[in-house]
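*Asks:* pasting the structure only:
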C-alpha cells in the first residue's frame with residue numbers, strides 16, 4: 001500500500017501545493033489585510049481536490065500507515081523544505097477544506113494523527129536540515145512569507161488536542177517569536193503579559209473574531225507579536 005500511495009503522493013504534487021497554497025508574494029512584505037494569510041483566513045489558490053489527500057489514504061488503517069518521511073527526498077536536499085511543506089499540508093489542510101460539521105470531525109480524527117506524526121518526525125533533525133527554519137528559507141523568501149509558512153508547519157501541533165501536542169505547539173510558537181525578534185531586532189511587547197495571555201481561555205477566540213490589525217505600518221511580523 002505504501003507503493004500505491006507513492007504513485008499519487010509524489011514530489012510534483014507536494015511542490016504544487018507548496019507553491020499555490022500560500023497566495024502571497026514570496027519576497028515582498030505582507031501589508032494590511034495580507035496578514036490574514038498568516039492564519040489562513042484567505043483561501044489558497046489550490047482546488048480542493050488538489051489540496052485534499054487522495055482516497056487511497058483512507059484504505060490504510062492508521063496502524064499500517066507508512067512513514068511519510070519516506071515520501072520525501074533526503075533532508076539535505078534543497079527541495080526537501082518545499083516538498084515537506086506540501087506533504088504536511090495535504091493531510092492537515094486538505095480535509096479541513098472539504099469536510100465540514102460532523103464529517104469534518106470524523107475525517108480529522110483519521111488525518112490529524114498522520115499529519116501530527118509527520119510533523120513530529122522532522123523535529124529531531126539537525127537545525128540546518130529542518131524544513132521549517134528561517135535558515136532554510138531566508139535566501140528564498142521574505143520574513144513575512146516565512147512566518148506564513150511557519151504557521152502552516154506548526155498547524156498539526158495546534159490541531160492535536162493531546163497535552164503533548166499542545167506543549168509542542170507552544171514550543172513551536174516560541175521558536176517563531178524568538179526568530180522574529182532576532183531578525184527584526186525588536187522584542188515582543190507581549191512577553192511581559194505572557195502568563196496572563198496563556199491563562200486566558202477566550203483570548204484566541206477574541207483575536208480571531210477581531211481579525212488581523214490593519215494599517216500601512218502593519219506587517220506579518222508585527223501581527224505575529
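*Replies:* All right, it came through fine. Predicted, not measured: the structure shown is a model, and the values here were computed from it. Numbers count the residues shown, from 1 in each chain.
*Asks:* how about the one residue sitting closest to the centre of the chain, what does it touch?
*Replies:* What sits nearest the mean C-alpha location of the chain, by Cα atoms, centre = their mean, is residue 152, with 1.3 Å. Residues near residue 152 by Cβ atoms under 8 Å, 6 or more residues apart in numbering: 21, 22, 40, 85, 88, 89, 92, 93. From N, CA and C alone the C-beta is placed, and that goes for glycine too.
*Asks:* which residue in these has the weakest pLDDT?
*Replies:* Checked by pLDDT, the contacts of residue 152 have residue 40 as the lowest-scoring entry (49).
*Asks:* got the buried residues for stretch 173-192?
*Replies:* Buried residues in stretch 173-192, defined by neighbour count with 16 or more other Cβ atoms under 10 Å: 173, 176, 177, 179, 180, 181, 188.
*Asks:* so the residue nearest to the centre of the chain, which state does it fall into?
*Replies:* Here residue 152 is helix, with the state taken from DSSP: H, G, I helix; E, B strand; the rest coil.
*Asks:* residue 26 now?
*Replies:* Recorded secondary structure, residue 26: coil (three-state DSSP).
*Asks:* how much space between it and residue 19?
*Replies:* 9 Å (Cβ to Cβ, to the nearest Å).
*Asks:* then residue 187?
*Replies:* Applying Cβ to Cβ to residue 187 and residue 19 gives a distance of 34 Å.
*Asks:* do residue 186 as well
*Replies:* 30 Å.
*Asks:* all helices for the protein, in order.
*Replies:* Applying DSSP state H to the chain gives helices spanning 2-8, 11-20, 36-39, 48-51, 80-98, 101-122, 134-137, 143-158, 163-184, 194-198, 203-210, 220-224.
*Asks:* I'm done for today, thanks for sticking with me.
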